[in-house]
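J.: sequence? don't have it. structure:
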C-alpha cells in the first residue's frame, strides 16, 4: 500500500475515499481514529493518510486532483430548469426557508425551539415564496 494523500481531518479523507471507491479503486484510511481521539496530533503524525495499492496510485492521484465542480454546477442548472414559479412561470428559483428568523427569536425568548418554518423556493423574478411540494 502506498500513501496517495494526507488530510488534516478524517471527514476529508472519507470524502476522498468515497471518490476512489466510486471509480473502483480499493483504498483504506490510516490514523483516522487517532486523529478523531486527539485532533491536535494531526500535524505531528502527518495527518490522516489515504492508502491505495501501488498499481492504482497514479490513477488515484489523478482522480483526487480532478475538479468536478463544473459538472456539479451543470447538473444543478439542469435540475433547476424543470421547476418553475407557479406565480410568474420563471425558472429562476432559489432555495429559501420561510419563518427561520421568527423561529430563532422564539428559541431565544422561550429557551426551547418551536419549529414552524417551511422549506421551499423563492422566485428571483417576482419574489414569491413557494413551498417545496408545489413547484413543478
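T.: Everything's here; your move. Owing to the predicted nature of the structure, the values given are computational and were not obtained by experimental measurement. Numbers count the residues shown, from 1 in each chain.

J.: so what's the most centrally placed residue in the chain scoring on pLDDT?
T.: Nearest to the mean C-alpha position of the chain, by C-alpha atoms, centre = their mean, lies residue 15 at 9.7 Å. Listed pLDDT for residue 15 reads 94.

J.: And for the one 4 residues further on?
T.: Residue 19 is assigned a pLDDT of 93 by the prediction.

J.: Next: the one 3 residues further on.
T.: For residue 22, the pLDDT comes out at 93.

J.: Without its sequence neighbours, what residue ends up closest to residue 95?
T.: Once flanking residues are discounted, residue 95 sits nearest to residue 121: 6.2 Å by C-beta to C-beta, 6 or more residues apart in numbering. Every residue, glycine included, has its C-beta placed from N, CA and C.

J.: same thing with residue 19?
T.: In space, residue 19 is closest to residue 63, 6.1 Å off (C-beta to C-beta, 6+ apart).

J.: neighbours of the one you found, just the number please.
T.: Burial measure for residue 63: 17 neighbouring residues, criterion other C-beta atoms under 10 Å.

J.: now swap in residue 93 and tell me
T.: Neighbour tally, residue 93, other C-beta under 10 Å: 20.

J.: any idea which helix or strand comes after the least confident helix or strand in the chain by mean pLDDT?
T.: The weakest-scoring helix or strand in the chain, judged by mean pLDDT, DSSP states H and E, is helix 69-80 (a mean of 62). On the C-terminal side of helix 69-80, the closest following helix or strand by DSSP states H and E is strand 93-98.

J.: Name every sheet partner of that next one and say whether each one runs parallel or antiparallel.
T.: strand 118-123 (antiparallel) (DSSP bridges).
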